[in-house]
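In: sequence? don't have it. structure:
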């Protein structure tokens, strides 16, 4: 069995190696709740693949929280709260370090959270999602870097394949279906045949997951470096429609994703949400919101896509004034408009959206409500209408300066005051120019 000692020392940052060696030495003392200690999961996989490992995860056979407190004290960190699964987080000088108790898991029903029991490392590795994530490297000084690989993860890394550990894996935890897509794309691997067959068979179990768990996994997919290919692959595998029939990524949306992906690697998550939902009807939008229960920003974007579909026919008119365009689209979230500017048809609709994004939404009136109040304009409907008329005139190019704004107010104010029958119907003051 290959060892990872040289990789631990060379591929990890020196300060991380120092923390891991300290953890191994602490466990070897035999007084802090750990009889065995390992680096596990994605960190080990990435070391095997020659990639830089991040965010070290430690598993101890014994008492993880107790060991975490001792390790935090030794390295000058702080041990935080303990999760329901017995994992403690250390806020260390190198960043976050997770310390878990080796455990076995039992699922009382498909998609349920597991019941956990402290156990040995073989059971702990068996509970993991895929063989490539079921390897562990010893951190004890006398076995530093020794690889524990009971499920042939090293071989699967070499062969470039994603393989589950048992036939009910996706039923026990359907989030593994979404993780499959992420790992396949991120690592450049292919699904092993039986794993692919099980995914196809069991993807309907995604419907049993809570909104919170689904949304968390979608956000992880959106955070992937190659998120475009992740969603393309998810669409190919029928994963998205298994979450909700309203969740689909048509080719036009993928092209928009490619556009934004090329423009910046730090593209706003909401742009991708707008891409994913760009073809939804109002009913589909509400159905997706009910399924995902996302935050307000996501909801606004999802609803915005269906609202845009309603106004799109009106935007096809070539003779719309800028103020009319603004009135139509200003309540549509900007991410939705950005996507329609890229993915929408090359017609007047796109021209109007682009004009709004590039010019119209930046138009501002220089005269403020306070300016008007100081000049004797009463606050209320009259002031609101004046400000709106100023904005309309600015958008349509009828006025361009503060002086012209004040001139328009002087002309319009007497008529508006008379119409509203404020006081005795006489203007209450002149607008200063």
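Out: Thanks, I have the structure now. These figures come from a predicted structure and were not determined experimentally.
In: C-alpha from now on. contacts and neighbour counts both.
Out: OK.
In: quick one: buried residues of the helix or strand bottoming out on mean pLDDT in the chain?
Out: The weakest-scoring helix or strand in the chain, judged by mean pLDDT, DSSP states H and E, is helix 251-263 (a mean of 71). Neighbour-count burial for helix 251-263 flags 252-257, 260-261 (criterion: 16 or more other C-alpha atoms under 10 Å).
In: Go through those residues and name the one nearest residue 400.
Out: Among the buried residues of helix 251-263, residue 260 lies closest to residue 400 (C-alpha to C-alpha), at 34.4 Å.
In: what's the distance between that closest one and residue 300?
Out: 20 Å (C-alpha to C-alpha, to the nearest Å).
In: circling back: how about the buried residues of helix 251-263 in CSV, adding distance to residue 340?
Out: Listed next are those as CSV, based on distance: C-alpha to C-alpha, whole Å:
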residue, distance to residue 340
252, 10
253, 10
254, 13
255, 12
256, 9
257, 12
260, 12
261, 16
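In: quick one: low-confidence parts of the protein?
Out: The chain contains residues with pLDDT under 70 at 1-2, 261-267, 420-433.
In: In space, not sequence, find me the middle residue of it.
Out: When C-alpha atoms, centre = their mean is applied to the chain, the residue found nearest the centroid is residue 219 (3.0 Å).
In: give the contact list for that residue.
Out: By C-alpha atoms under 8 Å, 6 or more residues apart in numbering, no residues touch residue 219.
In: and it, what element?
Out: Assigned by DSSP states H and E, residue 219 belongs to helix 211-222.
In: buried stuff in that helix?
Out: 211, 214-215, 217-218, 221-222.
In: now do stretch 25-41
Out: Buried-residue list, stretch 25-41, by 16+ other C-alpha under 10 Å: 25-28, 32-34, 36-41.
In: out of these, which are inside helices?
Out: 25-28 (DSSP state H).
In: for those residues, which one is nearest residue 248?
Out: Within these, proximity to residue 248 (C-alpha to C-alpha) peaks at residue 27, which comes in at 49.2 Å.
In: Next, count neighbours for the closest residue to residue 185 other than its chain neighbours.
Out: For residue 185, ignoring the flanking residues on the chain, the nearest one in space by C-alpha to C-alpha, 6 or more residues apart in numbering is residue 230 at 6.0 Å. Counted with other C-alpha atoms under 10 Å, the neighbours of residue 230 add up to 22.
In: Could you verify that residue 230 is part of a helix?
Out: Yes. Judged by DSSP: H, G, I helix; E, B strand; the rest coil, residue 230 forms part of a helix.
In: Let me see the contact set for it.
Out: Listed by C-alpha under 8 Å, 6+ apart, the contact partners of residue 230 are 181-182, 185, 221, 224.
In: ok, and the most crowded of those?
Out: Of all the contacts of residue 230, residue 182 has the most neighbours under the rule other C-alpha under 10 Å, reaching 26 neighbours.
In: which residues sit against the helix or strand that one falls within?
Out: Using DSSP H and E, residue 182 sits within helix 175-187. Contact with helix 175-187 is made by 129, 161-162, 169-170, 189-191, 199, 203, 206, 209, 213-214, 217, 221, 224-226, 229-230, 233-234, 239, as judged by C-alpha under 8 Å, 6+ apart.
In: quick one, it and helix 211-222 angle?
Out: Orientation note: helix 175-187 sits at an angle of 10 degrees relative to helix 211-222 (axes from the mean of the first three to the mean of the last three C-alpha atoms, to 10 degrees).
In: next structured bit after helix 175-187?
Out: Later in the chain than helix 175-187, the nearest helix or strand by DSSP H and E is strand 190-191.
In: Just after that following strand, pick out the following helix or strand.
Out: Assignment by DSSP H and E places the next element after strand 190-191 at helix 193-202.
In: so what does that following helix touch, helix or strand wise?
Out: For helix 193-202, the packing partners by 3 or more C-alpha pairs under 8 Å, 6 or more residues apart in numbering; DSSP states H and E come out as helix 169-172.
In: now for the buried residues of stretch 25-41, which pair is the farthest apart?
Out: Using C-alpha to C-alpha, these span at most 22.9 Å, a distance reached by 32 and 41.
In: Break the protein into its domains for me.
Out: 5-159, 161-243, 262-362, 369-420 (automatic domain parsing).
In: Which two of the buried residues of helix 251-263 have the greatest separation?
Out: Pairwise distances across these (C-alpha to C-alpha) peak at 14.1 Å, for the pair 252 and 261.
In: returning to that earlier point: so which of the buried residues of helix 251-263 is the closest to residue 134?
Out: Nearest to residue 134, judged by C-alpha to C-alpha, of those is residue 261 at 32.1 Å.
In: Could you export the contacts of residue 230 as TSV, including distance to residue 310?
Out: Shown next, in TSV, are the contacts of residue 230 (distance: C-alpha to C-alpha, whole Å):
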residue	distance to residue 310
181	34
182	35
185	36
221	30
224	33
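In: Sort out which one of the residues you listed lies nearest residue 148 for me.
Out: Closest to residue 148 out of those is residue 182 (24.6 Å), distances taken as C-alpha to C-alpha.
In: measure the residue nearest to the centre of the chain to residue 335 for me?
Out: Separation of residue 219 from residue 335 (C-alpha to C-alpha): 17 Å.
In: ok, now residue 246?
Out: For residue 246 relative to residue 335 (C-alpha to C-alpha), the value is 19 Å.
In: Same check on residue 304?
Out: As for residue 304, its distance to residue 335 is 9 Å (criterion: C-alpha to C-alpha).
In: more neighbours, those two?
Out: When residue 304 and residue 335 are compared for neighbours, residue 304 comes out ahead with 26 against 20, by other C-alpha under 10 Å.
In: Next, that one: secondary structure please.
Out: Of the three states, residue 304 takes helix under three-state DSSP.
In: before we move on, what about residue 81?
Out: Per three-state DSSP, residue 81 ends up strand.
In: Now the closest residue to it other than its chain neighbours, what are its backbone angles?
Out: Among residues not flanking residue 81 along the chain, residue 88 sits closest, at 6.1 Å (C-alpha to C-alpha, 6+ apart). Residue 88 has phi and psi values of phi -110, psi 140 when expressed as degrees, to the nearest 10.
In: So what's the residue count around residue 88?
Out: 24.
In: what's near enough to touch it?
Out: 64-65, 68, 79-82, 98-100.
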